[in-house]
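# generate a structure from the sequence data that follows.
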Amino acid sequence: MLILVAKTVSAQMMFERYGRLDEEELQYEGESPGGREETGRITYLQWQRFEEGKRAYQMRDYPRAHAFWSQLARERVPEAQYNLGAMYLQGQGVEKDIVEAMRWFLIAEKNGSAEAAKFVRELRPFLTGKQMSEAHSRARRLS
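Numbers count the residues shown, from 1 in each chain. Modelled structure (predicted):
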């Protein structure tokens with residue numbers, strides 16, 4: 001279960017009463033937006049966009065999910081970065097690309113995603129040295 005903790009009491013009351021916080025920063029504990037147990041910080045609007053991407057993904061509208069998560073990934077939301085890696089790994093709405101998948105897993109790992117770190121370790125043996133170098137190079141371009 002996702003627990004959102006607002007920065008201020010008034011923001012918490014606004015969220016409880018109206019279900020929105022505008023641009024207030026939230027802290028999540030427990031199940032993160034991607035469904036995994038982690039802790040992090042996102043704004044409420046980022047969380048809303050993440051959920052829109054999740055709904056699109058569940059309806060198999062992969063291009064729409066990719067659009068939502070790409071924007072969030074560039075805003076350094078690790079769950080969105082992880083999800084992009086998974087989409088490239090599986091070829092969902094994008095051409096299957098293990099180097100691009102590794103790029104997003106590396107970025108998500110750097111931003112604190114334990115799940116992405118696991119994928120980096122598991123995928124590394126399947127990439128050549130040249131592919132890993134390219135993945136690191138692409139990851140640095142976003143950082």
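# separation between Glu100 and Gln131?
Per CB to CB, to the nearest Å, Glu100 is found 10 Å from Gln131. For every residue, glycine as well, the C-beta is placed using N, CA and C.
# then Ser137?
11 Å.
# returning to that earlier point: more neighbours: Glu100 and Gln131, which one.
Glu100 (19 against 15; other CB atoms under 10 Å).
# so who does the more buried one touch?
Neighbour list for Glu100: Tyr88, Val94, Ala135, Arg138 [criterion: CB atoms under 8 Å, 6 or more residues apart in numbering].
# closest to Pro63 out of those?
Val94 (8.3 Å; CB to CB).
# which residues touch that closest one?
For Val94, the contact set (CB under 8 Å, 6+ apart) comprises Tyr62, His66, Met87, Tyr88, Glu100.
# can we see that at 10 Å?
If you count contacts by CB atoms under 10 Å, 6 or more residues apart in numbering, Val94 has them with Tyr62, Pro63, His66, Ser70, Leu84, Met87, Tyr88, Glu100, Ala101.
# how about Ala80?
Counted by CB under 10 Å, 6+ apart, Ala80 has contacts 33-34, 42, 46, 49-50, 53-54, 65, 68-74, 104, 108, 111, 113.
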